[in-house]
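Asker: no sequence on this one, just coordinates:
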Ligand SMILES: Cc1ncc(C[n+]2csc(CCOP(=O)(O)OP(=O)(O)O)c2C)c(N)n1
Ligand SMILES: Cc1ncc(C[n+]2csc(CCOP(=O)(O)OP(=O)(O)O)c2C)c(N)n1
Ligand SMILES: [Mg+2]
Ligand SMILES: [Mg+2]
C-alpha cells in the first residue's frame, strides 16, 4: 500500500483537470471566470497561465450558448470540459443538456456521440440563500442519455474526471462547494475512479446508510458515532446517480435488512425516492423495517445559518434516524 | 343529479379558459400562437376574435422571456395564463419558473405573491419523436413553491383552471396532447375542480392503481378488464403532483394492501418513485406485496409507432402487472 | 463554359434537378402523410427551395450543416439519398436515422449533415461549437446553420452569435425568413423586422438576399461562404422567402390571406430558374422533360425503398441511449 | 431656488447624503463581513453610487424597481431604512426580507422595491412583465430594471428587450456597465462593447452616459424617465462606471491592474459631487461636516438595530413556501 498525502477537495479537483489537459490536446476547459478570475472557487487557478487561452476559455454569461457550444465542439471531435459555475445556473442550459446532449445519439440512430463533460458546483453550506444553494442532482438524474455522477470524496474529486472524459456519452459531474476547503488523505498515487459503480465506503451489518455527495462524510461520521453505541452501519456512496448501481445497494440491504437514505436535495421526487422504490421492488422480503429517508427541507434555502443548517440532514439527524429505525 | 353532455378534452380546456377570461379582467392568455393561429392544438381557437389582442396575446419564440414576463405581470397584479405550447420547450423557461416563480414568496419573507398559471401540453402519443414527446411532470414536481397539477380527465380539463387561478401561488398545469380529441361525458353544469386533493376514480378492494394524466383512463380501462377476471382494482388519480395528497393513497393502500404505480414519464426519479417511497414509509406494515411501478422506458422517444407504443405502459401492461402482483 | 452567373450546363442541370426533386419529394410526402404512411409532424419547405439549394451548392463535403425540422430539402441538397430520407419518414430502420427520428430528425454523419433539430434555435449554439472545434483542430471546414426568423427571437440566437463573433469561428448563420413562425407574422415576432440589422449588434457582417431567386442566392452564398472560409469569422445571411404551404400538416392557416400566398407563388423560384436556364440556353426543353422523367423514377424509387423497409425490432428500443462501445 | 442643473440646496444635500450613506454603509458592511456578522455573498457597489442615486431620484414612489445582488445602494436610494437592510444582511427577522434573503435579496414591497435578484439577467423578463401589467391596468408608473453589462450577454436580455419593444411597455433598462462581470472584462463578454448599440436591434432608444458623474446621470435619467413615462415605451440607458472593490468578498482580483483601479478612483463620484456643490454654494463646509456626523449616527443606528434583531424560530423554516392565506 502506497503512501498517503493530505489534499483539499479543491486541490484534488484541480489535479484532475490539470491531468486531463496534459493528457489529451482535445481537452479544453471552458466556463465563466475559469481563466483570468482563477475560477469562481479558485479550482482552476493558474491553469490559464499554464495552458493558455485556447485551452482555458473564459466565456460570457450565456449558459445556454456556451454549454451548447461545448456539446457542438464535442460532436466535432473535441473533448470539452464545460464548467457551469454552479448548478444554480444549470437550468439555463438545461434544454441544451437534455434535448441535445442526452438525445442526439438515440435520435440519430446511433450516429452522433456527444462526449462532453459538464461540471457544476452545487449544494448548500455557505449561506448563499435561495437562488444559490441548489441541489439539483435529481433533476439531471431523471434524464436518460446522461451519465450523472456525484463527487462525494477526495478520491473521486481526484479521479472521476479522467473516467468521465473517457466516456463517449455526456457526463454531468456534481461537485460540492462546501467541501472545497475540506482536507483528507488520499493515496499519493491516487488514480482514476469508476463512474459506473457505487461504493461501499464503510462496511457494516446492522443498517445500510445510502447517500451521495456531501452526505458521504456526514454518514461516515454518523456511523463512527453509532459504532460507539454498538451499531454497525454500512455506508454506501451511490456516486453514479444515473444509471444507478442498483446491485450494490440491493446487496447491502439484503445483508443489513434495514436502510436509511440520506440526501440534501429537496425531499420529494429525489434520488432517495428512487432508491427506496427499487428496494421495495427488489428487496422487499429482505426488509426488517421500512426504508426511511432523510432529505432536504422542501423550502427555498434561507440565508441565516441556523435556518440553513435546519434545511438539510446533519450528522445528528442521521444518527437519530438510524437509532429510531434500529431501536424503535 | 344533473344531465350529462359529451365533450372533447380540447373543448373542456377551452371552456375553462373562456370562463376565466369572462370572469376576471385581470386574466389574460399569452403564449406562442394562441391567437392568430388559434392555438397550436386549436385549444384557444376563436378566443382572439372574442376577447381581442390585449387578452389573447401571441408572443414571439422566447420562452424564458414571456414566461418571465408572465411572472412579472402577476407580481404587479395581473392574473396571467401563460401557455408554453408544449412541455418540450419547458426547459427554456425553467430558470424563471424555479428561481423566480417558486422562490420569490419565500425569499422575500412572505411579501411577494406570484399568482401565475402556466399551462403546458405534454406527453407522448402522436409520433412526434424524441424532442417532442416529453413527460416532464417529475422535474416540476421536485420544486417546492410550485403547485403542479395534471389534467387526467375531462372533468378536470373543464374545472381545474379556475381553481388554479384562484391560488395565490404559481400553478403549473399539465395537459395531454394525445387526449385532445378524446370525447367523454361530463355533467352539463360541471364546475370547478380541486387542485389540492387526489381523487379515487374507481373504488376497489384488491389493489390500488395509482396514476395521473394519460394513465387515468388507461388504468380505468385496465380495471374494467380486470373486473371481468374477478379482480377489483381501485384507481387513484393523483391530480396534484406537488404537494402530493399522501393521505389519499395511503388510505387506499391500507385498504387494498397492494399497489401498482403507473406513469408515462421516464421510470427513474419520477412521481411513482416518490409514491412508492411514501408507501414504504407510511404503510409498510399494510403491504401484502411489494409496490410495483410501471413507468416510461428510459429512452428518448423514437418516432415509429410500434416503438413509441412500446415506450410507455399500455392497458395490457397494467392488466398484466396487476395480475402478476395478485396471482404471482 | 460558364455564363456570367458562373453556371455551366452541367451545374445548371444539377441545380434544377435538385430543386425539382425537393418539390416533388415534398409533394409526395404530403400525399403519403394523408395516407398515414408518414406520421408525426411534417413541415414542408415548398417555396423556399432556392435557399437550401443556393447555400449548399456553395459548400464543400467536409463542411458541417445543421438545420431545423423543415430540413428535407437540405438533406437532399447535401446528397442524402431520397430513399433513405423517405425510409426515415416512414420510420423504417433503413432510414438515415434508423427510423428513430422521422421527418424532423434527419441525420447523416458521413455527409456531415447534423440534423434535423426541432427545438427552435437549439442548434445555434451547437453550430458555434462545431465551428469552434474546426478552429481548434485547424480544419478548414466551415459550419452552416439554417434557422427561421422566428428562431432569431430566442435567447440562444443572441448567445450563439455573440460567442461566434467573440471567438472568431467560421460559421455561416443562414436565416430563412419566411415571414411566419407558425402563425405568428414577423411583425409580431421582432420589434425590428430586418433580421440583418441584428448582426451588427454582435459585430457580425450581415446581408439580406432575395430568397426566391436562386441566382441571387448563389451569388450571396458564394460570397458569404468564401468570406467565412477565408476570414474564419461568422457571417449572417438573411434569405427572405416564403412558404407556400401550411406550417405543418396541423395548420388551418387562419393567420394569413390566400391572396398573400398567391402573390408569393408568382415568385416561385423553380419556374423562375427554369425559365432563366432556357433563356440562357443552359438547358434545353428536351432536357427539362428528361429531368421530369428522371424525377418520377427517383421519387418512385424512394417510395419503394421506404415501403420495402423494415421495422426495427421492439427489443432494440433501448439501444443507443448510451454508446454500445464505451470507448472514446 | 434651483441652479442650472435643477438643484436646490435641499435636494443637493439629500443626494450628497444619500451617496455618502451608500458608501459608508458598504464600508461598514465589509468590516462586518470580516467579523462574520454578515455571511454568504456580499457584493459592494462602491464607486458606482452615482448610478443608483441619479436614476432613482428621477422616479416616483409608485414606480417599480428591480435590481441585482449588488443592490444595497438601490434599496437605500429607494428609502428602505438602513437598519432594516443591515438587519437583513445579518439574517435577522427584522430585516426587509425577514432575514431570509440576505445581502443579495433585499425586497420591500411597500416601497415597490422588487429585489435583489441573483440569477444574472433573470429579472429582466420580470421587469418587462411588470411594465406590461402597468400598461394593462392603466397605471401610470414605470418599471426600472438595473443590471450589469455581463447580464447583457444572456439570452434573457435579448428576449426581454424585444418583448418590451414589441409590446410598447414603460420600462427603463439601466445597464450598469462597470467593465467587468466578475473577472471577465467587457471585451471578453461582448463582441460589440458599446452596450448602447444593442438597443437599436430591438428598436429601443438607447443612450450611454458617464456613470461617474451624478449631474450627467441625473440629466440623462430625468430625460429617460420622462420619455418612458410619456411614451409608454422602453428605453435603454447605459451607465459607464466602475467598481472600486472586488466583485464580492471572495475575489482576489487577479484579473485587473491596481493602476486601473487607481485611475478610476480619481473619478470617484462622491468627492466630485461634493466639490461641485461647494463651488456652486449649494452646500456649506459646515453642512458637509454635519452630514458626516449624521451619517455616523445613522450607520450606528443601523448596526444597533441589526445587532438587537432576533432570529426567526427554526419552526418557521417552512413558512412562505406557499401562501398562508390561499385567497388571491
Ligand atoms: C423552443 C421551441 N418553441 C416552440 C416550438 C414550436 N414551434 C415549432 S416551429 C415554430 C415556428 C418557428 O418559426 P421559424 O423559426 O420562423 O421557422 P419556420 O418554421 O418558419 O421555418 C414553433 C413556434 C419549438 N419547436 N421550439
Ligand atoms: C445566470 C448566472 N450565471 C452566473 C452567475 C455568477 N455571477 C454572479 S455575478 C456575475 C457577474 C455579473 O456581471 P455583471 O452583469 O456585469 O454585473 P456586476 O456584477 O458587474 O455588477 C456572475 C458571473 C449568476 N449569478 N447567474
Ligand atoms: Mg419562419
Ligand atoms: Mg459588470
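Answerer: All right, it came through fine. Because the structure is a prediction, the values reported are computed rather than measured. Ligands and ions are numbered 1, 2, ... in the order given.

Asker: did I read that right, residue A:230 in a helix?
Answerer: No - assessed with DSSP: H, G, I helix; E, B strand; the rest coil, residue A:230 is coil; it does not lie in a helix.

Asker: How many neighbouring residues does it have?
Answerer: Neighbour count of residue A:230, defined by other Cβ atoms under 10 Å in any protein chain shown: 8. All C-beta spots, glycine's among them, are computed from the backbone N, C-alpha and C.

Asker: Quick check: chain neighbours aside, which residue is closest to residue C:64?
Answerer: residue C:143 (4.3 Å; Cβ to Cβ, 6 or more residues apart in numbering or on different chains).

Asker: near ligand 3, which residues of chain C?
Answerer: C:148-150, C:178, C:181 (Cβ under 5 Å from the ion).

Asker: Could you find the closest non-adjacent residue to residue C:188?
Answerer: Per Cβ to Cβ, 6+ apart, closest to residue C:188 is residue B:58, 5.4 Å.

Asker: Now do the phi/psi pair for that neighbour.
Answerer: For residue B:58, the backbone dihedrals are phi -70, psi 140 (criterion: degrees, to the nearest 10).

Asker: and the gap between it and residue A:119?
Answerer: To residue A:119, residue B:58 is 40 Å away according to Cβ to Cβ, to the nearest Å.

Asker: Those two - which one has more neighbours?
Answerer: residue A:119 (27 against 24).

Asker: Distance check, that one against residue A:221.
Answerer: Distance from residue A:119 to residue A:221, by Cβ to Cβ: 26 Å.

Asker: repeat for residue C:139
Answerer: 52 Å.

Asker: same deal with residue A:303?
Answerer: 26 Å.

Asker: who has more neighbours, these two?
Answerer: residue A:303 (30 against 16).

Asker: quick one, what contacts that one?
Answerer: Residues near residue A:303 by Cβ atoms under 8 Å, 6 or more residues apart in numbering or on different chains: A:127-130, D:39-40, D:91, D:99-102, D:105.

Asker: Quick check: closest non-adjacent residue to it.
Answerer: The nearest residue in space to residue A:303 (Cβ to Cβ, 6+ apart) is residue D:102, at 3.4 Å.

Asker: contacting residues for that neighbour?
Answerer: Here residue D:102 is in contact with A:127, A:129, A:303-304, D:38-41, D:88-89, D:91 (criterion: Cβ under 8 Å, 6+ apart).

Asker: Would you agree it falls within a strand?
Answerer: No - under three-state DSSP, residue D:102 falls outside any strand and is assigned coil.

Asker: In terms of pLDDT, where does the residue of chain A found nearest ligand 4 sit?
Answerer: Nearest residue of chain A to ligand 4: residue A:61, at 9.5 Å (Cβ to the ion). pLDDT recorded at residue A:61 is 98.

Asker: that's a helix at it, yeah?
Answerer: No - Residue A:61 is assigned coil when assessed by three-state DSSP, not a helix.

Asker: so it makes contact with residue D:120?
Answerer: Yes - using Cβ atoms under 8 Å, residue A:61 is in contact with residue D:120, at 5.3 Å.

Asker: what touches both of the two?
Answerer: Here residue A:61 and residue D:120 have D:150-151, D:154, D:181 as joint contacts, going by Cβ under 8 Å, 6+ apart.

Asker: Give me the neighbour count for the nearest residue to residue A:164 once chain neighbours are set aside.
Answerer: Distances taken as Cβ to Cβ, 6+ apart place residue A:171 nearest to residue A:164, at 4.0 Å, with adjacent residues excluded. Look at residue A:171: counted by other Cβ under 10 Å, it has 26 neighbours.

Asker: any idea how far residue C:249 is from residue A:171?
Answerer: Distance, residue A:171 to residue C:249, by Cβ to Cβ: 38 Å.

Asker: what does residue C:304 give?
Answerer: 23 Å.

Asker: out of those two, which sits in the busier spot?
Answerer: residue C:249 (18 against 12).

Asker: hang on, the more buried one in a helix?
Answerer: No - using three-state DSSP, the assignment for residue C:249 is coil, not a helix.

Asker: Tell me the confidence at it?
Answerer: As predicted, residue C:249 sits at a pLDDT of 90.

Asker: Look up phi and psi at it.
Answerer: phi -80, psi -10.

Asker: list the contacts for it?
Answerer: Residue C:249 neighbours (Cβ under 8 Å, 6+ apart): C:30, C:33, C:41-42.

Asker: try 7 Å
Answerer: With contact taken as Cβ atoms under 7 Å, 6 or more residues apart in numbering or on different chains, residue C:249 is in contact with C:33, C:42.

Asker: Against residue C:185, how distant is the residue nearest to residue C:188?
Answerer: With Cβ to Cβ as the criterion, residue B:58 and residue C:185 are 9 Å apart.

Asker: Can you name the residue of the stretch 51-200 of chain C that approaches ligand 1 most closely?
Answerer: residue C:148 (2.1 Å; Cβ to the nearest ligand atom).

Asker: and what of chain A?
Answerer: For chain A, Cβ to the nearest ligand atom, closest residue to ligand 1: residue A:95, 7.5 Å.

Asker: quick one: the residue lying closest to that residue once chain neighbours are set aside and residue A:208, what's the gap?
Answerer: What sits nearest to residue A:95 in space, not counting adjacent residues and going by Cβ to Cβ, 6+ apart, is residue B:91, at 4.0 Å. Separation of residue B:91 from residue A:208 (Cβ to Cβ): 34 Å.

Asker: And residue C:219, by the same measure?
Answerer: 70 Å.

Asker: Have a look at those two and say which one is more surrounded.
Answerer: Neighbours per residue (other Cβ under 10 Å) separate residue C:219 from residue A:208, with residue A:208 holding more: 29 against 16.

Asker: so what's the more buried one up against?
Answerer: Residue A:208 neighbours (Cβ under 7 Å, 6+ apart): A:234, A:236, A:249, A:252-253, A:256, A:258-259.

Asker: what are the bridge partners for the closest residue to ligand 3 within the stretch 51-200 of chain C, then?
Answerer: Evaluated by Cβ to the ion, the stretch 51-200 of chain C has residue C:148 as its residue closest to ligand 3, separated by 3.5 Å. Assessed by DSSP bridges, residue C:148 has beta-bridge partners residue C:176.

Asker: Contact residues of the stretch 101-250 of chain C facing chain D?
Answerer: C:153-159, C:162, C:165-166, C:190-192, C:197-198, C:201-203 (Cβ under 7 Å from any Cβ of the partner chain).

Asker: repeat for chain A
Answerer: A:32-33, A:36-38, A:58, A:60-62, A:64, A:89, A:126-132, A:297-299, A:302-307, A:310-311.

Asker: Buried subset of the residues you listed as a PyMOL selection?
Answerer: In PyMOL syntax, the buried subset of these is picked out as below (16 or more other Cβ atoms under 10 Å in any protein chain shown):
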select buried, chain A and resi 32+33+36+37+38+58+60+61+62+64+89+126+127+128+129+130+131+132+297+298+299+302+303+304+307+310+311
